[in-house]
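In: give me a 3D structure for the following:
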Amino acid sequence: MITQSHPTTKHGRPTSRRLKPTGGRKWRRRFPLLPALIFTIVVTQLPFVATLVISTFQWNILRPGDRHFTGLSNYKFVVTDERLRNAVLNTVVLTASVVVLSVVLGLGLALLLDRRFLGRGLARTLLIAPFLVMPVAAALLWKHAIYNPDYGLLNGTLNAVYRLFGAANGPTVDWVSSFPMPALVVALVWQWTPFMMLIVLAGLQAQPGDVLEAAKVDGASALQTFRLITLPHLRQYIELGIVLGSIFVVQTFDAVYTITQGGPGSQTTNLPYEIYLTMFRKFEYGQAAAAGVVVVIGSIVIATFALRVVASLFREEVSR
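Out: Next up is the predicted model:
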């Protein structure tokens with residue numbers, strides 16, 4: 001008679017073997033997730049598929065009977081159209097300016113808030129507050145309360161300074177018309193700096209204290225400690241902030257529409273606003289859909305780098 005022996009431990013006790021789930025058990029485990037999966041597909045993927053289909057048609061709502069299939073001609077138009085090329089350039093300039101300035105300011109604020117001082121909790125709350133303001137509300141705040149040439153804070157401050165030196169009134173500057181892109185960049189930097197600050201601050205607080213203490217014992221100055229220890233440790237956190245910030249800022253529509261409306265002379269028209277103009281002013285559905293697909297593909301490329309940075313951060317934390 002043949003008996004089946006069970007694997008035992010070194011103390012002679014039988015070990016338990018984990019049975020692999022069969023196909024039926026796998027489906028029973030995954031079945032509760034199906035409603036969420038179906039909902040996600042319906043909400044995200046079906047509209048994107050519809051956008052892909054529309055992007056292959058020449059479709060102007062003012063000529064509803066003239067809709068016909070054109071293949072990739074709309075994508076060719078997106079690449080060759082001068083307005084869209086200008087919108088791409090404005091998008092790159094706006095995104096790069098906002099992200100770089102936000103990261104630099106966020107790094108400086110995070111270094112200050114990482115130190116202990118009286119009222120640090122209140123200071124953190126106040127500095128995070130701009131990120132919690134709705135984008136449209138923030139844009140309206142900057143357009144009317146700060147940039148307005150008649151009653152805005154900037155011109156009011158200039159007039160007060162001029163009156164201190166004996167002048168009747170200071171200059172009246174229309175900031176949005178005279179400096180459209182810098183005005184837009186400053187408003188967005190104010191809103192996105194807290195986001196970068198939080199990411200860098202998390203990296204600072206994850207820094208091992210024994211390394212900093214060893215550097216202090218070895219006689220390293222504060223600048224040397226920051227340059228040789230802190231900054232290399234923050235590299236991945238800064239990269240994460242840059243990538244995530246680029247994903248969000250490249251999709252900016254609220255501030256452009258509210259503050260400048262793409263002007264003057266399309267100087268601040270970025271891709272999302274140009275897509276809006278193509279869709280709701282020119283009524284070219286096919287061209288707008290093709291431009292939207294291009295933006296989505298670019299966002300996916302950036303998001304891929306973001307996921308890699310996040311994965312590397314998790315690997316680093318696990319390896320410690």
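In: where is the longest helix in the protein?
Out: helix 285-319 (DSSP state H).
In: packing partners of that one?
Out: For helix 285-319, the packing partners by 3 or more C-beta pairs under 8 Å, 6 or more residues apart in numbering; DSSP states H and E come out as helix 46-54, strand 57-58, helix 73-80, helix 231-249, helix 271-280. The way it works is simple: take the backbone N, C-alpha and C, and place the C-beta from them, glycine included.
In: so which of these gets nearest Val176?
Out: Across the helices and strands packed on helix 285-319, Val176 has its closest neighbour in helix 271-280 (14.9 Å, C-beta to C-beta).
In: contacting residues around the closest one?
Out: The contact list for helix 271-280 (C-beta atoms under 8 Å, 6 or more residues apart in numbering) reads 83-84, 87-88, 91, 250-253, 256-257, 261-262, 269, 284-285, 287-288, 291-292, 294-295.
In: go on, stretch 168-187?
Out: Outside stretch 168-187, the residues within contact range by C-beta under 8 Å, 6+ apart are 90, 93-94, 97-98, 101, 138-139, 142-143, 147, 149-150, 152, 154-155, 158-163, 255-256, 259-260, 263-264, 267-268.
In: are any of the residues you listed buried, and which?
Out: Buried members of the contacts of stretch 168-187, counted by 16 or more other C-beta atoms under 10 Å: 90, 94, 97-98, 101, 138-139, 142-143, 147, 152, 154-155, 158-159, 255-256, 259-260, 268.
In: so what's Phe57 bridging to?
Out: Taking DSSP bridges, one obtains Phe69 as the residues bridged to Phe57.
In: tell me the contacts of Gln205?
Out: Contact analysis of Gln205 by C-beta under 8 Å, 6+ apart lists Asp114.
In: gap between it and Gly262?
Out: Noted for Gln205: a distance of 41 Å to Gly262, by C-beta to C-beta, to the nearest Å.
In: about what we covered before: tabulate the helices and strands packed on helix 285-319 (JSON lines), appending distance to Pro182.
Out: As requested, the helices and strands packed on helix 285-319 are exported to JSON lines (distance: least, C-beta to C-beta, whole Å):
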{"stretch": "helix 46-54", "distance to Pro182": "34"}
{"stretch": "strand 57-58", "distance to Pro182": "39"}
{"stretch": "helix 73-80", "distance to Pro182": "28"}
{"stretch": "helix 231-249", "distance to Pro182": "15"}
{"stretch": "helix 271-280", "distance to Pro182": "17"}
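In: make JSON lines out of the ones you listed and add mean pLDDT and distance to Ala183.
Out: Shown next, in JSON lines, are the helices and strands packed on helix 285-319 (pLDDT from 0 to 100; distance: least, C-beta to C-beta, whole Å):
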{"stretch": "helix 46-54", "mean pLDDT": "90", "distance to Ala183": "32"}
{"stretch": "strand 57-58", "mean pLDDT": "91", "distance to Ala183": "37"}
{"stretch": "helix 73-80", "mean pLDDT": "88", "distance to Ala183": "28"}
{"stretch": "helix 231-249", "mean pLDDT": "88", "distance to Ala183": "16"}
{"stretch": "helix 271-280", "mean pLDDT": "91", "distance to Ala183": "15"}
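In: possible to save these as a markdown table with mean neighbour count and distance to Pro64?
Out: Below are these laid out as a markdown table (neighbours: other C-beta atoms under 10 Å; distance: least, C-beta to C-beta, whole Å):
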| stretch | mean neighbour count | distance to Pro64 |
| --- | --- | --- |
| helix 46-54 | 13 | 14 |
| strand 57-58 | 18 | 12 |
| helix 73-80 | 17 | 18 |
| helix 231-249 | 19 | 36 |
| helix 271-280 | 20 | 15 |
